[in-house]
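A.B. asks: following is a predicted model, sequence given first.
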Amino acid sequence: MPEWLEVIWRTIFAVVVLFFLTKLLGKRQVSQLSFFEYITGITVGSLAAYISLDTDKTWHLGLIALIVWVAFSLGIEFLQIKSKKARDFIDFKSTVLIKDGKILEDNMKKERLTTDELLEELRKKDVFKLADVEFAIMESDGAINVLLTRENQALTPKDMGIKVAPEKEPQAVIMDGKILDEPLDTLNLSRGWLQGQLEKQGLTVENVYLGQVDSYGELTVDLYADKVQVPKPQDKPQLYALLKKCEADLELFSLSTNNKEAKQMYEESSGKLQTLLQSLKPYIQS
């Protein structure tokens, strides 16, 4: 076999082996490298290059070394899962940098982190004043997470005593101009319903690059033609406005009648509708 052809064959073989071994190591190997995983990535890559380019008779030793290294990495990961002491030793422990709004200088020196670097990391978290920080910690992967003081945290509906509807994952029902039946079944919807929603917006399935339905049954679409403006669905706001009008009409009827029984009936109905509106407000007002 010609040498150049052998290199091509070994390269393809090394890529395939490396792909499956990397999948065996798991997603963390790609998305969030720890200290040990960083070393593993460099070594495994070097061994794969050796298998690809070494044209002598010992290239198979590189394959053995690659398998041994991956097996050793899996053993280390298993040990980390079973033992916190092993995790702290291999991946380092988290270090508190700011506590009660004060910088811990000793911990800064321990992590060899300068004040400028700390301020830079805070700015990445949209924090520009040290006084706004209650707590900051450097994780084992080097990332710095920040907890703001209570008065500087974002206001949530819970803080205001407002109940909001639970939000579920939207389902993609149209992709690349084709209807996806499985997400429709998950939402207990049919193709006929979807076609009707598209007709309301003057669209066909072929025009839609991506279509999603949220947990409230509202369809939003992105078209192939980016310049075309698609009107946003207005069903929920219109329903809320209609119910508010009914409530106002019942109050008006109550004020305009002299019949005590009718007045009481209108007032009770208006009160019930008002209570219903308060319950439905998070779901239908947007």
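C.D. replies: On my side now, so go ahead. Residues are numbered from 1 along each chain as shown.

A.B. asks: just how off-centre is stretch 184-202 within its chain?
C.D. replies: Distance of stretch 184-202 from the chain centroid (CA atoms, centre = their mean, to the nearest Å) equals 26 Å.

A.B. asks: then stretch 67-83 to CSV, C-alphas only?
C.D. replies: The C-alpha coordinates for stretch 67-83 follow below in CSV (Å, rounded to 0.1, in the frame of the first residue of the first chain):
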residue,chain,number,x,y,z
ILE,A,67,-7.9,3.2,24.8
VAL,A,68,-6.1,2.9,28.1
TRP,A,69,-6.2,6.7,28.5
VAL,A,70,-9.9,6.9,27.9
ALA,A,71,-10.5,3.9,30.2
PHE,A,72,-8.5,5.7,32.9
SER,A,73,-10.5,8.9,32.3
LEU,A,74,-13.8,6.9,32.8
GLY,A,75,-12.4,5.5,36.0
ILE,A,76,-11.6,9.0,37.3
GLU,A,77,-15.0,10.2,36.4
PHE,A,78,-16.6,7.3,38.2
LEU,A,79,-14.5,8.0,41.3
GLN,A,80,-15.6,11.6,41.2
ILE,A,81,-19.2,10.6,41.1
LYS,A,82,-18.8,8.3,44.2
SER,A,83,-16.5,10.6,46.3
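
A.B. asks: tell me the pLDDT at the residue nearest to Pro183 when sequence neighbours are not counted?
C.D. replies: Leaving out its chain neighbours, the residue that sits closest to Pro183 by CB to CB, 6 or more residues apart in numbering is Gln171, at 3.8 Å. Every residue, glycine included, has its C-beta placed from N, CA and C. Listed pLDDT for Gln171 reads 90.

A.B. asks: Ala136 too?
C.D. replies: In the prediction, the pLDDT value recorded for Ala136 is 94.
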